[in-house]
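Q: I'd like to go over a predicted model; first the sequence, then the structure.
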Amino acid sequence: MKLDVSMLAHDLKTIPDYARKVEAMGYDCLWSSETQHDPYLPLAVAATSTSRIKLGTNIATVFSRSPMITAHTAWDLQKASGGRFTLGLGTQVKAHNERRFSVKFESPGPKMAEAIRAIRSIWDCWQNGAKLNFKSQFYTFDVMTPFFNPGPIEHPKIPIYIAAVNPLMCRIAGELCDGMHVHPFNSPKYLRETVHPAVEEGLKRSGRSRKDFTYATATFVVVGETEKERAAQAQTVKQQIAFYGSTRTYEPVLAAHGWQGLTGQLHRKSVEGDWKGMAGLVTDEMLDTYAVTATYENLHAKILERYQGLLDRTGLYQPYQPNLDDPRLPAMVRAFNG
């Protein structure tokens, strides 16, 4: 299992130093997310500042941009990085699409599938000269003149991952994608009983097998050398679990363990603004189900024991990110990546 890292530097002026630092430390991939900042711009800077570390989005929202815009951006990042880029896409939820991005949210599964096919059709046009003639329910692309065609690149096979929680999106990932971003709010039981079977169904549809597919995630971790240090982190991780658990999208992850009734309770407290009360509903058993508690020395072994065969790469979802100069980090990274 490979260990990745998230883009924690958001000032474009400081990203070169950050990217070179995590590359030198041996992290395998640097992922950029779409939260307070654009997910692609930091990777453009990182691509020209590094030479080995893989780069990717985890995730970029798919419906807020035309597939043509996404195709162009990914194409340029793949070229700039020398073939190190992975395009990670996600649907986001209805409220964010309609009220934050002001785009219509409709049939997210089928529309995601069409977006992936459209992007690949556009790339085929640029790389191989195929006539662009993509027409579907949600998208139509049939104009590509030489003036707007960036032409072929050295590494045209850009991996596409999508974020998936429910079986439909997992099947789409298995059928159309090279991998998927598993949401951090997961458990081995949910992966074995829900995620993997749905992905396998999709893989069969495309004539592929498990070896052709990558499961990536960020693992909730409570990590520290003392009980006091871990106890402080545990409370913050409980708050994060409560936040995700309050959303109906993630209710199946709770239901897999018989806790489906918790979603309504958490949602009511979130409406009331009772964030402390939300965390209080997350028991120690729930914490152990969705998070790994360890020291830095045994973290690698504990994550492998929990996720071997279920995941291929992970990052650490921590409430308090250690400074990159923390002396405990190099040995931990080497344990994962050699």
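A: Here it is on my side, so go on.
Q: use CA for all of it now, contacts and neighbours both
A: Noted.
Q: Tell me which helix or strand in the protein has the weakest average pLDDT.
A: None of the helices or strands of the chain scores lower by mean pLDDT, DSSP states H and E than helix 94-95, at a mean of 90.
Q: Packing partners of it?
A: Packing partners of helix 94-95 (3 or more C-alpha pairs under 8 Å, 6 or more residues apart in numbering; DSSP states H and E): none among the helices and strands.
Q: Which elements pack onto the next helix or strand along the chain from it?
A: Counting by DSSP states H and E, the next helix or strand C-terminal to helix 94-95 is helix 108-128. If you count contacts as 3+ C-alpha pairs under 8 Å, 6+ apart, helix 108-128 packs onto helix 67-81, helix 167-176.
Q: looking at these, which is closest to D284?
A: helix 167-176 (27.8 Å; C-alpha to C-alpha).
Q: got the angle for the closest one vs helix 108-128?
A: Per axes from the mean of the first three to the mean of the last three C-alpha atoms, to 10 degrees, the angle that helix 167-176 makes with helix 108-128 is 20 degrees.
Q: contacts for whichever helix or strand comes after helix 167-176?
A: Next in sequence after helix 167-176, counting helices and strands by DSSP H and E, comes strand 179-182. The contact list for strand 179-182 (C-alpha atoms under 8 Å, 6 or more residues apart in numbering) reads 58, 88, 159-165, 170, 173, 213-218.
Q: Which SSE is immediately downstream of strand 179-182?
A: helix 188-190.
Q: Need the residues that contact the least confident helix or strand of the chain.
A: For helix 94-95, contacts defined as C-alpha under 8 Å, 6+ apart pick out F105.
Q: those helices in the stretch 201-338 of the chain, which residues are they?
A: Assigned helices in the stretch 201-338 of the chain, in chain order: 227-245, 251-255, 262-272, 275-280, 284-290, 299-307, 329-337 (criterion: DSSP state H, counting those that start in this stretch).
Q: Mean neighbour count added to these, as CSV?
A: Listed next are those as CSV, based on neighbours: other C-alpha atoms under 10 Å:
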stretch, mean neighbour count
helix 227-245, 19
helix 251-255, 19
helix 262-272, 17
helix 275-280, 18
helix 284-290, 15
helix 299-307, 16
helix 329-337, 16
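Q: number of nearby residues for I122?
A: By other C-alpha atoms under 10 Å, the residues close to I122 number 24.
Q: Report the contact partners of the residue lying closest to Q318 once chain neighbours are set aside.
A: Nearest residue to Q318, sequence neighbours excluded (C-alpha to C-alpha, 6 or more residues apart in numbering): V221, at 5.7 Å. By C-alpha under 8 Å, 6+ apart, the residues touching V221 are V237, A291, V292, T293, A294, L316, Y317, Q318.
Q: before we move on, the earlier item: any idea how far the least confident helix or strand of the chain is from the chain center?
A: Computed by C-alpha atoms, centre = their mean, to the nearest Å, the chain-centroid distance of helix 94-95 equals 19 Å.
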